[in-house]
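A.B. asks: model this:
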Amino acid sequence: MKRVLMDISADLTRIALAEDGELKELYYESKREESLVGNVYAGRVANVMPNLQAAFVDIGAEKNGYYYYGNARAVSDAEKNSARPKVGDTLLLQVEKDAVGTKGAVLTGKFSFPGKFLVLLPEEGGEIGISRKITDSAERARIREILTELLPADCGAIVRTNGEGKSREEFEREWKQLWAKCERLKTGEFLKPPALISQENHPVKRAARDFYGADVEEYVVNEAESYRELLESGDFNGEGQPALRLHTDAIPLFEAYFLESQSEKALDEHVWLKSGGFLVIEETEACVVIDVNTGKAAGRGDLQKTILKTNLEAAEEAAKQMRLRNLSGIIIIDFIDMADTAAQKEVTQRLKKAVAKDRIKTVVVGMTELGLMQVTRKKTRPSLKRQMTTKCRACDGSGRLPSIEWTVTRMRREAESVFAHTIYNELTVQADKRLLAAFAGGDGAWKTALEKKSGGTILLEESEMGFGQYAMEKRKKKVNV
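C.D. replies: Below is the predicted model of the structure:
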C-alpha cells in the first residue's frame, strides 16, 4: 500500500511517501526556509553579466536570483542584445530552483503552473505534451482532442501521468484553476519590485498535488486545518479517489507508521547491503559520490560472482537512496571494478530499471573509461541533508578539524608573537585540558622556556570549549622595581 504522511508542527513540515511500510521519499520544510519553487516575482535587475548572457535579479530573498536570458549558449550575447535586460529593469520571473549554499535561486521567464493532471504553459501556444508513461494511442488522442478545444491559442500544456483516464470535466476544472494563476501575472506590471505576484501552495497542498494519483491509496495528515482544506478540494474520499484521514492518536504520526527510525537513518553515511557490502554516500558542492564496497561479502566464494552480486544490489540501493535523500545534479557511482563487459551491462540495466521508478527525471548516462557510472537527476529542491542539517560552527562545514599538532603550533606562534612584538607581558590561554597540556609541553617545558626567554607570564585556564578551540587574553602586568 502506498501512503503519504503529512506531519505538521509549529516550525517544521515533514512529508513522507511510504510503500508497504518502507520509506521511499522524505521532504522537510521549515517555516523559516520554505521552498520558493513556483513562486512568481516582479524582480529588479541588480547586475548583468553579458559574457554569461545572465543577470542577477533582486526578488526580495536573501540572495539575488540567477536569470539566464539567452536562448542558446552557442549564441553570442551580441546577437541577443534585444533580450539583454538593463540594471534597474523590472522583470516578471518564476523560481525554477531553490537557492543552494552560496548560490541564489534559479529564475526563468518561461512560466509553468503545475496541477494534478496538467502543467499549464501560458506562453507555449499550441504545444501539448503528453507523458510517455501514457502509452495507449487512443487515450493520447482523446486527451489531445480535449485540450485542443479547452486551451487558448497562445497557451500550451503538458499532461502528467495522472491525467490518464480523466474526463473532460476534470481537465476543464483543473485548467480553470491554473488559468486563474496565469491571470495574476497581469498585476505584476503595476507592482514596485521586488514583489511577490503569485505564491506556490503550502507544502501540504503541494505534496497532495505532486503525489496525487491512483497508485497512492491514502493520505494521512495530523493537523485539522490542513485536513479540512484538503477535504474541501474535492480530490479525496470519492469514488476512484485516494482516502484522506486525520491522525488524532496520541502517538506521533511517523512513529505510528514506523517511519521515525527510518527517517533518522536517512542521513547515515554508510548504507549496508544484504550481501554484506555497503555504500558510502558523500555530497559535495560539485556532485554526489556513491562508493560501493564489498565489506563483509569479501572472501565468500567466487570473487567475480561476489562483485557482480554486490554491484547489482548496490545499483538498486543507490537508486533508492537518490530518491530518499533527494540527491540531484551530477551523481557518480564508483562500482567495484568489473572486468567482464557483460557484467557492466547487466549492472547498468539494473540501475536504469531502478531509477525508472523515480518521479524525478533521472538519466543513467553510462560508464566512463575509469569505470565510474555517471547519473544525472533533475534538481528541484535542496537535498535531504541540506534540509535537515546546518553548517558546523567548529569545522565550518568541512567535516574535519585541524589536528592537535597543527593547533598547538599555531597557539605557540601566537604566544611568541605577543611577547616579541607587543607591550603585553602576561598571557592567559583558555582551552580544554588536553589542548592546554599539549600547548605547555611535557611537564610544562615549552611554557617554562618561553617565560624564561621573554620574561613574560603564561597562565593556563581550563574551559569547556570544543576540540581545537582556544582563546588568548593579553595584559600588561606591572613589574615591581
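A.B. asks: shaky segments in this structure?
C.D. replies: Scanning the chain for pLDDT under 70 picks out 32, 71-82, 201, 213-214, 297-301, 397, 478-481.
A.B. asks: quick one, longest helix in it?
C.D. replies: The single longest helix within the chain, with elements called by DSSP state H, is helix 303-325.
A.B. asks: check contacts around the residue nearest to the spatial centre of the chain.
C.D. replies: Averaging the C-alpha coordinates of the chain gives a centre point, and the residue nearest to it by C-alpha atoms, centre = their mean is residue 382 (1.7 Å). Counting by C-beta atoms under 8 Å, 6 or more residues apart in numbering, residue 382 makes contact with 98, 100, 326. All C-beta atoms are positioned from the backbone trio N, CA, C, and that covers glycine.
A.B. asks: what about 10 Å?
C.D. replies: Contacts of residue 382 were listed using C-beta atoms under 10 Å, 6 or more residues apart in numbering, and they are 27-29, 33, 35, 97-101, 326, 328, 388.
A.B. asks: report the buried residues of the longest helix of the chain.
C.D. replies: 306-325 (16 or more other C-beta atoms under 10 Å).
A.B. asks: now stretch 195-206
C.D. replies: Of the residues in stretch 195-206, those buried under the neighbour-count criterion (16+ other C-beta under 10 Å) are 195, 197-198, 200, 203-204, 206.
A.B. asks: buried residues, the strand or helix carrying residue 138. List them.
C.D. replies: Under DSSP states H and E, the secondary-structure element containing residue 138 is helix 137-150. By 16+ other C-beta under 10 Å, the buried positions in helix 137-150 come out as 140, 143, 146-147, 150.
A.B. asks: ok, now stretch 422-439?
C.D. replies: Buried residues in stretch 422-439, counting neighbours by 16+ other C-beta under 10 Å, are found at 425-427, 429-432, 435-436, 438-439.
A.B. asks: so what's the gap between it and the chain middle?
C.D. replies: Going by C-alpha atoms, centre = their mean, to the nearest Å, the spacing between the C-alpha centre of stretch 422-439 and its chain's C-alpha centre is 42 Å.
A.B. asks: show residues contacting the strand or helix carrying residue 412.
C.D. replies: Using DSSP H and E, residue 412 sits in helix 404-421. Residues outside helix 404-421 that contact it (C-beta under 10 Å, 6+ apart): 401-403, 424-427, 429, 431, 434-441, 446-447, 450-451, 453-458, 467-470, 472, 474.
A.B. asks: one more time with 6 Å, if that's ok
C.D. replies: Taking C-beta atoms under 6 Å, 6 or more residues apart in numbering as the criterion, the residues outside helix 404-421 that touch it are 424, 427, 438-439, 454, 456, 468, 470, 474.
A.B. asks: repeat for stretch 53-61
C.D. replies: Applying C-beta under 6 Å, 6+ apart, the contact partners of stretch 53-61 are 41, 43-48, 64-65, 67-70, 77, 85, 107, 194.
A.B. asks: just the ones of the buried residues of stretch 195-206 in helices?
C.D. replies: The members of the buried residues of stretch 195-206 that map onto helices under DSSP H are 203-204, 206.
A.B. asks: between those residues, which is nearest residue 239?
C.D. replies: Top of the list for closeness to residue 239, among those and by C-beta to C-beta, is residue 204 at 23.5 Å.
A.B. asks: backbone phi and psi for the closest residue to the closest one other than its chain neighbours, please?
C.D. replies: The shortest distance from residue 204 to any non-neighbouring residue, by C-beta to C-beta, 6 or more residues apart in numbering, is to residue 226 (4.7 Å). For residue 226, the backbone dihedrals (degrees, to the nearest 10) come out as phi -70, psi -40.
A.B. asks: about what we covered before: of the contacts of stretch 53-61, buried ones?
C.D. replies: By 16+ other C-beta under 10 Å, the contacts of stretch 53-61 give 41, 43-45, 48, 64-65, 67-70, 77, 85, 107, 194 as buried.
A.B. asks: just flag the most distant two among those residues.
C.D. replies: Considering C-beta to C-beta, no two members of those lie farther apart than 77 and 194, which are separated by 24.8 Å.
A.B. asks: can I get the contacts of residue 382 in CSV including distance to residue 463 and neighbour count?
C.D. replies: Putting the contacts of residue 382 into CSV (distance: C-beta to C-beta, whole Å; neighbours: other C-beta atoms under 10 Å) gives the following:
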residue, distance to residue 463, neighbour count
27, 40, 20
28, 35, 20
29, 38, 20
33, 33, 14
35, 41, 20
97, 43, 22
98, 39, 21
99, 37, 20
100, 36, 18
101, 32, 11
326, 40, 23
328, 42, 22
388, 30, 18
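A.B. asks: mind checking which of those are in strands?
C.D. replies: Within the contacts of residue 382, residues falling in strands by DSSP state E are 27-29, 97.
A.B. asks: who's in contact with residue 447?
C.D. replies: Shown in contact with residue 447 (C-beta under 6 Å, 6+ apart): 440, 458.
A.B. asks: which element is it on?
C.D. replies: If you go by DSSP H and E, residue 447 is part of helix 445-454.
A.B. asks: for that helix, C-alpha coordinates in CSV please.
C.D. replies: Listed in CSV are the C-alpha atoms of helix 445-454, where the atom choice follows Å, rounded to 0.1, in the frame of the first residue of the first chain:
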residue,chain,number,x,y,z
ALA,A,445,58.7,22.5,29.5
TRP,A,446,57.8,24.7,26.5
LYS,A,447,55.8,27.1,28.6
THR,A,448,58.7,27.4,31.1
ALA,A,449,61.2,28.0,28.3
LEU,A,450,59.2,30.8,26.7
GLU,A,451,58.5,32.5,30.0
LYS,A,452,62.3,32.5,30.8
LYS,A,453,63.2,33.7,27.3
SER,A,454,60.6,36.5,27.2
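A.B. asks: okay, the ones in helices among the buried residues of stretch 195-206 in JSON lines with distance to residue 251 next?
C.D. replies: Supplementary listing: those in JSON lines, determined by distance: C-beta to C-beta, whole Å:
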{"residue": "203", "distance to residue 251": "23"}
{"residue": "204", "distance to residue 251": "20"}
{"residue": "206", "distance to residue 251": "26"}
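A.B. asks: and those, which is closest to residue 395?
C.D. replies: The shortest approach to residue 395 among these belongs to residue 203, at 30.9 Å (C-beta to C-beta).
A.B. asks: the closest one and residue 311, how far apart?
C.D. replies: Using C-beta to C-beta, to the nearest Å, one gets 37 Å for the distance from residue 203 to residue 311.
A.B. asks: shouldn't residue 231 be within a helix?
C.D. replies: Yes - counting by DSSP: H, G, I helix; E, B strand; the rest coil, residue 231 is part of a helix.
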